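Student: Just the structure for this:
(one chain, ligands or ions: 2)
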Amino acid sequence: SPGLHRRVGDRLRTYLSHKTKSMNGSQGKLFPVAIISGNTANNGSLEQKASFPKSKAVSDNEIWRRSMQLSMEQQAWQKSAEGQKMLAFRRSLPAYKVKDAILKYISKNQVVIISGETGCGKTTQVPQFILESEINSLRGATCSIICTQPRRISAMSVSERIAVERGEKLGENVGYKVRLEGKKGRNTHLLFCTSGILLRRLLIDKDLKGVTHVIMDEVHERGIDEDFLLTIMKELLPCRPELRLVLMSATVNAEIFSSYFDGAPLIQIPGVTYPVRTHFLENILESTGYILTADNQINDYGQVWKLNKQTLNKRKSQIIAAVGEALVSADYSGYSQQTKESLLCWNPDCINFNLIECILCNICENEKPGGVLVFMTGWDDISALKEKLQAHSVLGDQDRVLLLTCHSSMSSSEQRLIFEKVATGMRKIVLATNIAETSITIDDLVFVIDCGKAKEASYDALNNTPCLLPSWISKVSAIQRRGRCGRAQPGGCYHLYPKCVYDDFADYPLPKILKSPLQSLCLQIKSLNLGSISGFLSRALQSPELLAVQNAIEYLKLIGALDENENLTILGGYLAMLPMEPKHGKMLVMSAVLNCLDPILTIVAGLSVRDPFLAPLETKELAEAAKAQFSHGFSDHLALVRAYNGWKVAEQKLIGYKYCRKNFLSPQSMKAIDSFRREIQSVLKNIRLIDDKASSYNTYSFDENLVRAVICSGLYPGICSVVYKENSLSLKTMEDGLVLLHSKSINARASNISYPWLVFNKKVKVNSVYLQDSTAVSDSMLLLFGGSILKGDVEGHVKMLGGYLEFFMEPAVAIMYQTLKRELD
Ligand code: CDP
Ligand code: MG
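Tutor: Ligands and ions are numbered 1, 2, ... in the order given. Got it, this is the predicted structure:
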């Protein structure tokens, strides 16, 4: 019946399935429904209305395929002008031209590698090719395709896009699953997820039962999770001969994957790119006549300007120290004296916001229409630049410029704006992190500004890479960034560094597994039962240094996550399930045990998301003074708790924003911390570390000394001694000797730290070693909580603690001891 509604069809199928099962007793083959008339609600039971054609048994697949075809809405949509336009668009993508080859290779090989320029249709088309081919070969109902993405934001946005392309709702055939969020149904046959989610599934389903295809996207990024998955997949494939693995990569170094998988075929999607005019710093200076000054200012064209010899020599030695000899010895004979000297004033350690502003202004006033993509390193410099540009007369004019940001913690509505076309006469400017390098394609871009640096995103805690300092990108990344603007028409790219510095870039980015701490990875190897840690890692695509592996194992033993024989302890088991660095996970476990959960939730969320305390250069003093108001007991972490609690009250009164302005806090960071706190709480519930009775985990949340001890339990062995000698403070760590406090730290302003120790979460080395954040702790806290109280001989340890307690009878310590003893008993 043409009026058959899909839902009625579904109900009928379910009904008939029961019916035929009871008739045949077994398999329950379905019969297609031929005639249905009338309105079921008014016209009696379904049974009377359904009639059966001659008994022609048809498989579940066929029914499913037909039901797909029967979906009226979808059929109508596909025929509509909009649907046809979408189909035409899909067919125009380069990936479509090699569709048959892709499917043929996949059917004949267990592993296939596909590479192609960003935007050619790998992510959105290849999974659909597979899905459609499975449907057409009547395997639709049994196929299960999993496509991994390195970031949650791409898993969400890509699945949404594909649903739109198919005229479906998200969560039907196509769905997604990221940490604590997802849209998928019983009929979801193509699932997008983060690599971390697939790793989690492997925890409970070692063989990926029922999965027919695994597609790993963006493998060239070489994240830790992705490299880890590749090694696991390599070992799983021989046990699951029918499982297919498709690796998708930008056009960099795809051969390495082919050789890792024993010469698996590599399909290269041919791309069309338009020429991009490339300007390095010297070209920018020469053609605009801008003069850089050493304090990141820019002087206008035409000013008579020359450095004196002394300054010139000083600048030369500074530049050599920062980027080596290349810039000083490069041949700039074709360039003006002004440009040559200006290059020596270039400051490689920071991004020159003024220069970006000038270039943007120039583009807006003089260049052809088209969007601009600005590559920055992270959320901090993106928001600072945005603020600066908003204050500019041209760039801040909302009638002419649409200023957007693109980073991993943006909301989905912000994200949609990025893809939208702007009205004629408007110019779109997107300030982005390297997320826009390969995983997000913005169509109408004509110009790119590249700061040349990148930083690991610190939000996706599953990747568990601590937030690094921005560092120079590789040549392939620079080429990728440049390529973002030549997709629809010729474009222009401005690199904010000289060509000779580019020539010094590494060819490829270093895989993360070679440059990150491996503690979380080692925990996961253990919890997935993959045998010896070093044995497993020696079979990875590129094995990390033995020393790095040993360090990680030693650390995990020290904090009590692994026992002497490298087996997972109970604590280690919990830490492996927590989506954050082990030290932060340990703090949470301890706070749940010692009933001071709430403040630790805030601290862990703050450390995992980002520091909400702002320190704008111009108002540094004011900002530091504002932070000092939250100071209590020499702890940056407790200050964060107070700032958050204050914000929460203000937010309920709808004055959260005002509160943030007054206290130099970032409202976005506060919100991100708030939502991450909720996420952590549900993880803790999922792994049954806490239950619904929130209050019982907060009996001692008010006790700042107890909270301090718990901070100590997580941050140990990040510890530094505090000694005052003749009124001057001297701080020492075991590994570094003398260290200093970062100026943002509350303790940097403290006149007399009345504790013998500081524990810290992070230190950075600039010239000296600086502790970024710290909390003062007493001897007893360190004695009782530094190290692994949950390790090995629990009883003996508690007895020993009891011994110490006779010396240190602080009330907080007594609580810790009693609670611990009770829990351990
Ligand atoms: O994965 P790859 O970089 O090869 O390309 P893709 O993500 O599959 O995107 C293919 C094309 O789809 C892009 O060039 C965009 O034009 C379009 N697209 C879109 O319009 N909206 C999205 N959310 C994603 C892709
Ligand atoms: Mg892609």
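
Student: Please name the nearest non-neighbouring residue to Thr424.
Tutor: Nearest residue to Thr424 in three dimensions, chain neighbours excluded: Pro369, at 7.4 Å (Cβ to Cβ, 6 or more residues apart in numbering). (C-beta placed from N, C-alpha, C; glycine too.)

Student: Enumerate every residue touching the one you found.
Tutor: Residues in contact with Pro369 (Cβ atoms under 8 Å, 6 or more residues apart in numbering) are 424-425, 427, 446.

Student: What about the residues you listed, which are in helices?
Tutor: Using DSSP state H, no member of these falls within helices.

Student: Looking at those, state which has the most neighbours.
Tutor: Most neighbours among the contacts of Pro369, by other Cβ atoms under 10 Å: Val446, with 25 neighbours.

Student: Wait, that one touches Lys428, no?
Tutor: No. Val446 is not in contact with Lys428 according to Cβ atoms under 8 Å; the separation is 9.9 Å.

Student: In strands only, show me the contacts of Pro369.
Tutor: Among those, the ones falling in strands (DSSP state E) are 427, 446.

Student: Would you tell me which one of the contacts of Pro369 comes nearest to ligand 1?
Tutor: Ranked by distance to ligand 1 (Cβ to the nearest ligand atom), the contacts of Pro369 are led by Val446 at 14.6 Å.

Student: State the distance from the residue of the stretch 351-500 of the chain found nearest ligand 2 to ligand 1.
Tutor: In the stretch 351-500 of the chain, the residue that lies nearest ligand 2 is Ser439 (5.9 Å; Cβ to the ion). With distances taken as Cβ to the nearest ligand atom, to the nearest Å, Ser439 is found 8 Å from ligand 1.

Student: Next, count neighbours for the residue lying closest to that residue once chain neighbours are set aside.
Tutor: Distances taken as Cβ to Cβ, 6+ apart put Ser154 closest to Ser439, at 4.6 Å, once the chain neighbours are dropped. Neighbourhood size, Ser154 [other Cβ under 10 Å]: 24.

Student: confidence score at Ser154?
Tutor: Per-residue confidence (pLDDT) for Ser154: 87.

Student: That one looks like it's in a helix, true?
Tutor: Yes. Membership of Ser154 in a helix is supported by DSSP: H, G, I helix; E, B strand; the rest coil.

Student: before we move on, the earlier item: turn the contacts of Pro369 into JSON lines, including distance to Ile525.
Tutor: Listed next are the contacts of Pro369 as JSON lines, based on distance: Cβ to Cβ, whole Å:
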{"residue": "Thr424", "distance to Ile525": "55"}
{"residue": "Gly425", "distance to Ile525": "56"}
{"residue": "Arg427", "distance to Ile525": "49"}
{"residue": "Val446", "distance to Ile525": "46"}
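
Student: and which of the contacts of Pro369 is nearest to Thr339?
Tutor: Val446 (25.6 Å; Cβ to Cβ).

Student: Who are the contact partners of the closest residue to that closest one other than its chain neighbours?
Tutor: Spatial nearest neighbour of Val446, chain neighbours left out: Gly370 (2.6 Å); criterion: Cβ to Cβ, 6+ apart. Gly370 sits next to 427, 444-447, 485, 489, 491 when contact means Cβ under 8 Å, 6+ apart.
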